[in-house]
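**Student:** kindly return the folded structure for what I paste below:
(one chain, ligands or ions: 1)
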Amino acid sequence: MIICLALLLPCTASADEPERERVRLPVVMYHHISKDPARWNEYVISLDEFTADMDYLASHGWQSVSVRQLLDWYDGKFEMPEKPFMLTFDDGCDSTELYAEPVVAEHGFTGVVAVIGSVCQRFSEFEEHEPEYSNLSWQDAADMAERGVIEVQCHTWNMHELYPRNGCARRRGESLGEYRRALSTDLSRYLQGCEQYGVDAVPSIAFPYGAFNSDTIDVVRDMGFQAAFTCSELVNELTGDPEELFLLSRFNRPHGVSSGNFFSAWEENA
Ligand SMILES: [Zn+2]
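**Tutor:** Next up is the predicted model:
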């Protein structure tokens, strides 16, 4: 009888807690959208390409998920659609608001823009905005967050450089204490900017250049962030463990590739 119970127990436990079905969640990463062909490159695409992407995703049954919905899914408060995906925009270019947002809204999608706090600050002090090269002000970010089509997330306050530090990663020779102080000071300034200008940002961050290490994740978690986007080009396979939210992979969408060629890699049997 004892042997029998011992054999049954693990079985009963796993029957009570069935493994949650994995969810495939591909994420696309855009930067700037430009109407000037001279600017198109790996990180700058045309408005026609962007519009074709949204048409492709809608016509192939993909449904966007916002950061808030993703976090709610981990809390059991949101049900994933059949073919979920996420739209992300890095750097907080004015083109995200002026070109992308209306197209995203028209397709019934949502997305998230990662803003660099110090750049928002700089463009808050400029009167002139030219969508080909300018960036969102804090007010623009606040307005976007309020409209809710494109959420606002963190891209650090001022750690968007490759040198002397690679993004917000720890520097060679920097003590862990120094690193934690530098990163938390930077992120505090970003959070203060959001607070000061009334930006209802989501608690997530896109690591500049995809540079990070395990210490980075510890600091951002301690600062209250609940999710982080990297630049490793993989389809996320979500299990429901909130730790995986700090390693969300994304595909950079370059200029010069058709929507079909780019997105067909996301299909299950591609
Ligand atoms: Zn960036």
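
**Student:** all strands for the stretch 1-150 of the chain, in order.
**Tutor:** Applying DSSP state E, counting those that start in this stretch to the stretch 1-150 of the chain gives strands spanning 23-25, 27-30, 32-34, 44-46, 63-64, 84-90, 111-115, 150-154.

**Student:** distance of Phe50 relative to Val104?
**Tutor:** Distance of Phe50 to Val104, computed by CB to CB, to the nearest Å: 9 Å. Placement of C-beta: from N, CA and C, glycine included.

**Student:** mind listing what Asp222 touches?
**Tutor:** Contacts for Asp222 (CB atoms under 8 Å, 6 or more residues apart in numbering) come out as Ser184.

**Student:** distance of it from Lys35?
**Tutor:** For Asp222, the distance to Lys35 (CB to CB) stands at 42 Å.

**Student:** check the secondary structure at Glu174 for me.
**Tutor:** What DSSP: H, G, I helix; E, B strand; the rest coil gives for Glu174 is coil.

**Student:** what is the burial count for it?
**Tutor:** 15 (other CB atoms under 10 Å).

**Student:** same deal with the one 10 residues further on?
**Tutor:** Residues lying near Ser184 (other CB under 10 Å) number 14.

**Student:** select, out of the strands of the stretch 1-150 of the chain, the one closest to Pro242.
**Tutor:** Closest to Pro242 of the strands of the stretch 1-150 of the chain, according to CB to CB: strand 23-25, at 13.5 Å.

**Student:** near the ion, which residues of the chain?
**Tutor:** Proximity of the chain to the ion, by CB under 5 Å from the ion, involves residues 90-91, 208.

**Student:** how about JSON lines for the residues you listed, with neighbour count added?
**Tutor:** Below are those laid out as JSON lines (neighbours: other CB atoms under 10 Å):
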{"residue": "Asp90", "neighbour count": "27"}
{"residue": "Asp91", "neighbour count": "21"}
{"residue": "Pro208", "neighbour count": "23"}
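
**Student:** make CSV from those residues and add pLDDT to it.
**Tutor:** CSV is the format used below for the residues of the chain next to the ion (pLDDT from 0 to 100):
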residue, pLDDT
Asp90, 98
Asp91, 97
Pro208, 97
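
**Student:** which one among the residues you listed gets closest to Phe123?
**Tutor:** Using CB to CB, the residues of the chain next to the ion come closest to Phe123 at Asp91, 11.7 Å.

**Student:** before we move on, back to that, return the most buried member of the strands of the stretch 1-150 of the chain.
**Tutor:** strand 111-115 (a mean of 28; mean count of other CB atoms under 10 Å).

**Student:** mind saving the C-alpha coords of it as PDB?
**Tutor:** Extracted C-alpha coordinates of strand 111-115, given in PDB (Å, rounded to 0.1, in the frame of the first residue of the first chain):
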ATOM      1  CA  GLY A 111       2.600  48.500 -30.000                       C
ATOM      2  CA  VAL A 112       5.200  49.900 -27.600                       C
ATOM      3  CA  VAL A 113       7.800  52.600 -28.100                       C
ATOM      4  CA  ALA A 114      11.100  52.600 -26.100                       C
ATOM      5  CA  VAL A 115      12.100  56.200 -25.300                       C
END
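
**Student:** mind listing the strands that strand pairs with, and their directions?
**Tutor:** Applying DSSP bridges, strand 111-115 is found paired with strand 84-90 (parallel), strand 150-154 (parallel).
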